[in-house]
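J.: build me a model:
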Amino acid sequence: MEYIQSTTNFLERRCIPIRNSCKDNEGQHKILDNLYRKNHSFLSLFLQRNGITKNDADDIIQDVFTRLSKSKSIENCAQHPRAYLLKATMNSVKDNYRRQTVRRLNSHDKIENLEITSHEPSAEDHLIWKQNLAIVYLAISQLSPKCREIFEMHRFSNYSYKEIGKKTGLSHRTVENYINEALKYCRKSLLKNE
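T.: Residues are numbered from 1 along each chain as shown. Down below sits the predicted model:
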């Protein structure tokens, strides 16, 4: 952006409008066509080097030449066409930025129009949750006594595998296998009842 600003300041000091005699439309179209052919790639690269995408750069350049074709100041750019076109391009970039800012400000919805949804579970979700919990408790009660004891120590009393191993005299791996077995059985019970 600093490069764009310094270029803009340079152009403001150097671009001196010159009046040439170009009264007829055909002459204007030839001048515009010539300016476009000679400067399109230069302007496009300039914009792309300053962080503007190729598609946006093409739109901006088209906007500049459209404005130029509608204005009567085409003669003004005869002596320093690149400087004139860079200045016009920078003005178009600024205009687009202002328009986008205004659009963003105007795009906000009024609070009265917003639909606010609750993150609370619905009555149906609550009922499903209670049913699933009952299925899990039933599945836990159907586990073998040793598997159920280890699973309850881990899930309900927050014991680590190591602590359970010390209390029960089982290895870490055996405790892990019992808990995996309990989880698989609970998961299978839930899937069976869906």
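J.: off-centre distance for stretch 62-75?
T.: Relative to its chain's centre, stretch 62-75 lies at 35 Å (C-alpha atoms, centre = their mean, to the nearest Å).
J.: what pLDDT, on average, does that stretch get?
T.: Averaging pLDDT along stretch 62-75 gives 78.
J.: same thing with stretch 175-194?
T.: Rounded mean pLDDT across stretch 175-194 is 91.
J.: equivalent analysis for stretch 31-42, please.
T.: Stretch 31-42 shows a mean pLDDT of 85.
J.: quick one: the helices in this structure?
T.: Secondary structure of the chain, counting by DSSP state H: helices at 2-14, 25-49, 54-70, 81-106, 123-141, 145-155, 161-168, 172-192.
J.: and the fifth one, what's buried?
T.: Across helix 123-141, burial judged by 16 or more other C-beta atoms under 10 Å covers 135, 139, 140. Heads up, the C-betas are built off the backbone N, CA and C, glycines and all.
J.: same check, this time on the fourth one
T.: Of the residues in helix 81-106, those buried by neighbour count under the rule 16+ other C-beta under 10 Å are 82, 83, 84, 85, 86, 87, 88, 89, 90, 92, 93.
J.: in JSON lines: the helices of the chain, plus distance to residue 117.
T.: Output for the helices of the chain, formatted as JSON lines (distance: least, C-beta to C-beta, whole Å):
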{"stretch": "helix 2-14", "distance to residue 117": "44"}
{"stretch": "helix 25-49", "distance to residue 117": "43"}
{"stretch": "helix 54-70", "distance to residue 117": "36"}
{"stretch": "helix 81-106", "distance to residue 117": "24"}
{"stretch": "helix 123-141", "distance to residue 117": "13"}
{"stretch": "helix 145-155", "distance to residue 117": "32"}
{"stretch": "helix 161-168", "distance to residue 117": "41"}
{"stretch": "helix 172-192", "distance to residue 117": "27"}
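J.: sorry, back to before: what would the buried residues of helix 123-141 look like in JSON lines with distance to residue 166 and pLDDT?
T.: Formatted as JSON lines, the buried residues of helix 123-141 follow (distance: C-beta to C-beta, whole Å; pLDDT from 0 to 100):
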{"residue": "135", "distance to residue 166": "32", "pLDDT": "92"}
{"residue": "139", "distance to residue 166": "27", "pLDDT": "93"}
{"residue": "140", "distance to residue 166": "23", "pLDDT": "92"}
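J.: ok, these vs residue 120, which is closest?
T.: The closest of the buried residues of helix 123-141 to residue 120 turns out to be residue 135 (C-beta to C-beta; 23.0 Å).
J.: residue contacts, the closest one?
T.: Applying C-beta atoms under 8 Å, 6 or more residues apart in numbering to residue 135 gives the contacts 189, 190, 193.
J.: now rank the residues you listed by neighbours and give me the top one.
T.: Neighbour counts for the contacts of residue 135 peak at residue 189, which has 16 neighbours (criterion: other C-beta atoms under 10 Å).
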